[in-house]
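[1] Any chance you could fold what I've pasted below:
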Amino acid sequence: MQPLLPLFAFAFATSITPGPNNTLVMTTAANWGLRAGLRAFSGVVTGFLLLVFAVGAGLGELFAAWPALHEFLKWACFAWLLFLAWKIARADASPEQNGAAASRPPTFTQMVMFQWINPKAWMMAIGSIALFVPVGSESLLPVLRVLLAFLLAGAPCVLAWALAGLWIARFLTNPRRVRVFNVAMAVLLVLSMLPTLF
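    Have a look, this model is predicted:
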């Protein structure tokens, strides 16, 4: 049995770094509060754990068989992130003042589904399975260990981004600050994808 420390370190390091998930969770919490932030956080964690399990069960081998599928997912994610960035940049008021559909926070289901087109999530899932699940293993126990590592070491990292969003919200006291923050987060969201694309 492999030691757990490297696995937990991998889960922590890949989960704490900036990326589309963390940016979306932080922005959601900053703009729409604790409930929306926790909903986004729960969607990210649930969707990602499902993705890791699917990759561990053999879904990741699709990329080896059809490399074009990975390329398609990459660009589909980027297109969706551009749309989300546009929505975030336009969200310039509190949820009480801002009832437009374009300004609603992402739902739990949207965040779950987003994991399946998020290239960083795929790289984390495939990387963790490749590194920490023995080749040819017929037992699901190593996959469950990876899931446990991301639940215990990765999920708190994403939650920290939601809490950072709540802290930032204290400074978003007027529409101008909200607009500046949201435009900055929209740009950061797009930039977070560039290393994956290129």
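[2] which residues of the chain fall in helices?
    Applying DSSP state H to the chain gives helices spanning 4-16, 20-54, 61-65, 67-90, 108-114, 119-132, 141-149, 155-169, 175-197.
[3] May I see the ones you listed arranged in JSON lines, with mean neighbour count as well?
    C-betas here are computed from N, CA, C, even on glycine. Shown next, in JSON lines, are the helices of the chain (neighbours: other C-beta atoms under 10 Å):
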{"stretch": "helix 4-16", "mean neighbour count": "17"}
{"stretch": "helix 20-54", "mean neighbour count": "23"}
{"stretch": "helix 61-65", "mean neighbour count": "11"}
{"stretch": "helix 67-90", "mean neighbour count": "16"}
{"stretch": "helix 108-114", "mean neighbour count": "18"}
{"stretch": "helix 119-132", "mean neighbour count": "20"}
{"stretch": "helix 141-149", "mean neighbour count": "18"}
{"stretch": "helix 155-169", "mean neighbour count": "19"}
{"stretch": "helix 175-197", "mean neighbour count": "16"}
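[4] Using a markdown table, lay out those helices together with mean pLDDT.
    Listed next are the helices of the chain as a markdown table, based on pLDDT from 0 to 100:
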| stretch | mean pLDDT |
| --- | --- |
| helix 4-16 | 91 |
| helix 20-54 | 94 |
| helix 61-65 | 70 |
| helix 67-90 | 79 |
| helix 108-114 | 94 |
| helix 119-132 | 87 |
| helix 141-149 | 93 |
| helix 155-169 | 95 |
| helix 175-197 | 81 |
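[5] OK, contacts around the most centrally placed residue in the chain?
    Nearest to the geometric centre of the chain sits N21, at 2.3 Å (C-alpha atoms, centre = their mean). Neighbour list for N21: V44, F48, M111, F114, Q115, N118, K120, A121, V158 [criterion: C-beta atoms under 8 Å, 6 or more residues apart in numbering].
[6] Closest one of these to M193?
    K120 (8.2 Å; C-beta to C-beta).
[7] Could you count how many residues lie near the nearest residue to that closest one once chain neighbours are set aside?
    Of all residues not flanking K120 in the chain, G19 sits nearest, at 4.6 Å (C-beta to C-beta, 6 or more residues apart in numbering). The burial count assigned to G19 is 23, neighbours taken as other C-beta atoms under 10 Å.
[8] Could you check how far G19 is from A184?
    Shown here: G19 relative to A184, a distance of 16 Å by C-beta to C-beta, to the nearest Å.
[9] repeat for A13
    25 Å.
[10] one step back: close enough to count as contact, the residue nearest to K120 and M123?
    No - with contact defined as C-beta atoms under 8 Å, G19 does not count as touching M123 (9.8 Å).
[11] circling back to that earlier point, next, give me the two most distant ones among the contacts of N21.
    Spanning the widest gap among those are M111 and K120, at 13.8 Å by C-beta to C-beta.
[12] Need the pLDDT of A100.
    Looking at A100, its pLDDT is 42.
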